[in-house]
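Peer 1: Below are the sequence and a predicted model for it; my questions follow.
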Amino acid sequence: MHIVVTGMGIVAPIGTGIDQFWNAAVNGVNGITRIQGFDASSLHSRIAGQITDFNPADFLSPKQIEQTDRFTHLAISAAQQALADAGDLENYSPRRLGVSLGSGMGGFGTFESSVTRKFQNKSMPPFTVPRIMANSAAAWIATKFGWKGANLTCSTACSSAGNAIGMALDLLRTGKADAVIAGGAEACVLPLTMSGFEALHALSTGFNDDPAHASRPFAQGRDGFVMGEGAAILVLEKEEQALQRGAHIYARLAGYGCACDAAHLVAPDIDGQVAAMQAAIEDAGMTPDQVDYINAHATSTPLGDVIETKAIKQLFGERAQEIPISATKSMIGHTIGASAAIGSIATIMTLHTGTIHPTINLAEADPECDLNYTPNQAIRKNTRVGVCNAFAFGGNNASLVFTTR
């Protein structure tokens, strides 16, 4: 049984909608700017990948906006795009339509504002808790579009969307659903979140006056990741049913692998990353020799990029030097729980268009990062099998394999 992608939607710092996002990615557009949504002058890291042209009133009523957090707004927008892209799904029973969404932080903006209100002795809005809940976005998507099957939320930090898409694959393979909305959403460019990651020394602090060059995966002089926000959604269904309804098929979702480092809460580990990639490739019924593109997790942290490079080398051996790799985060920053969904769309579009988007800001690579990261310029190359990596705090690793039909 083959599972295919028939619809996609995205809201990201470099564009809303697949066409705008992909055109920007291929052209290496930078989406990192100084923080605009609040006064960041007290922070050490004052830059982020922000979505500045987004209006939730375009698809939600004023009452619905009041009842939902920004991460839910982003998720619903991406889901609405994906469903419009997928076309007519009316022949499916609503009870056979599922939702599987990932978010690392959930409604953290509401949480932060609620803490402020409490210290100011102000009353809480009645929808405070539902806005904060990590499963709020998935529940609202199901409610808005009438999808009454399994409704799942996965929160495994930066691999949340990768695992959510993998869970959707399992729902379809086991016959528990006929179609699934799957992906991730995150909106945590916030004072509290930024301060917390600063305390871990995880964020870039040396490029506040040069934000365009701050997110620099694999590059010499990188000093941490740049926070980002966004959402991306895939519509997944069984290939036979998609063909019967005449759907446009972007790619197959062929494999999913997950593994835990069980080594350190925040430091990555080679063995866990290798295990996730290998499991995904085996789940797809393939071998590492068949992979011809990797969308790397590549956060731009000094340790993380080196560990991922070593993991790729360990799994792929001498072929590692030949496989083109790109880092979407170089343009949008790290969108935490949404990152694997955005990376999945980049992987799918790579296979679909025959173009590999660049890793920008890679003028000089770290000597320990010596693979083919597609530096600075997109390349044309027909690829058939792509791996999308998502490696997270807690040692939660997820990898997905997409293929052409």
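Peer 2: Alright, I've got the coordinates.
Peer 1: show me the contacts for residue 22.
Peer 2: Under the criterion of Cβ atoms under 8 Å, 6 or more residues apart in numbering, the neighbours of residue 22 are 15, 345-346, 349, 353, 357. In this view, the C-beta of every residue, glycine as well, is placed from N, C-alpha and C.
Peer 1: Just the buried ones from those residues?
Peer 2: Neighbour counting with 16 or more other Cβ atoms under 10 Å marks 15, 345-346, 349, 353, 357 as buried within the contacts of residue 22.
Peer 1: Show me the two of these that sit farthest apart.
Peer 2: Taking Cβ to Cβ as the measure, the buried ones among the contacts of residue 22 span a maximum distance of 15.2 Å, between 15 and 353.
Peer 1: what ranges do the helices span in this protein?
Peer 2: With DSSP state H, the ranges of helices along the chain come out as 18-26, 62-66, 70-86, 108-119, 128-132, 136-145, 160-173, 191-199, 239-244, 270-283, 302-316, 329-332, 339-353.
Peer 1: any idea how far residue 375 is from residue 392?
Peer 2: 26 Å (Cβ to Cβ, to the nearest Å).
Peer 1: of the two, who's got more company?
Peer 2: Under the criterion of other Cβ atoms under 10 Å, the comparison of residue 375 against residue 392 puts residue 392 first, with 25 against 19.
Peer 1: and that one, bridged to which residues?
Peer 2: For residue 392, the residues forming beta bridges with it (DSSP bridges) are residue 396.
Peer 1: For it, give me its contacts.
Peer 2: So, once contact is read as Cβ under 8 Å, 6+ apart, residue 392 ends up touching 104, 156-160, 398.
Peer 1: CSV for those, including neighbour count?
Peer 2: Formatted as CSV, these follow (neighbours: other Cβ atoms under 10 Å):
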residue, neighbour count
104, 28
156, 25
157, 22
158, 29
159, 32
160, 33
398, 31
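Peer 1: Show me the protein divided up by domain.
Peer 2: Taking automatic domain parsing as the domain assignment, the record places the domains of the chain at 3-244, 255-403.
Peer 1: Could you dump these into JSON lines and include mean pLDDT?
Peer 2: Conversion of these to JSON lines gives the following (pLDDT from 0 to 100):
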{"stretch": "domain 3-244", "mean pLDDT": "96"}
{"stretch": "domain 255-403", "mean pLDDT": "97"}
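Peer 1: which ones are touching the most centrally placed residue in the chain?
Peer 2: The centroid of the chain falls nearest to residue 339 when counting by Cα atoms, centre = their mean (2.1 Å). With contact taken as Cβ under 8 Å, 6+ apart, residue 339 is in contact with 158, 161, 184, 186, 228, 297, 328-329, 390.
Peer 1: got TSV for the residues you listed, with distance to residue 88 too?
Peer 2: Shown next, in TSV, are the contacts of residue 339 (distance: Cβ to Cβ, whole Å):
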residue	distance to residue 88
158	35
161	26
184	26
186	30
228	34
297	36
328	31
329	35
390	31
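Peer 1: Out of those, which end up buried?
Peer 2: 158, 161, 184, 186, 228, 297, 328-329, 390.
Peer 1: can you tell me which of those are in strands?
Peer 2: Secondary structure of the buried ones among the contacts of residue 339 is defined by DSSP state E; positions in strands are 184, 186, 390.
Peer 1: show me the contacts for the closest residue to residue 96 other than its chain neighbours.
Peer 2: Beyond its immediate neighbours in the sequence, the residue positioned closest to residue 96 (Cβ to Cβ, 6 or more residues apart in numbering) is residue 178, lying 4.1 Å away. Under the criterion of Cβ under 8 Å, 6+ apart, the neighbours of residue 178 are 92-93, 96-97, 172, 237-238, 241.
Peer 1: Just name the closest of the residues you listed to residue 62, please.
Peer 2: Scanning those for proximity to residue 62, where the rule is Cβ to Cβ, the winner is residue 97, at 27.7 Å.
Peer 1: what sits against residue 313?
Peer 2: Residues in contact with residue 313 (Cβ under 8 Å, 6+ apart) are 320, 371.
Peer 1: so of the contacts of residue 178, which ones are in strands?
Peer 2: Within the contacts of residue 178, residues falling in strands by DSSP E are 97, 237-238.
Peer 1: How many residues are close by residue 195?
Peer 2: Residue 195: 14 surrounding residues under other Cβ under 10 Å.
Peer 1: Pretty sure it sits against residue 45.
Peer 2: No: here residue 195 lies out of contact with residue 45, judged by Cβ atoms under 8 Å, at a distance of 9.3 Å.
Peer 1: What is the neighbour count of residue 97?
Peer 2: The burial metric for residue 97, expressed as a neighbour count using other Cβ under 10 Å, is 23.
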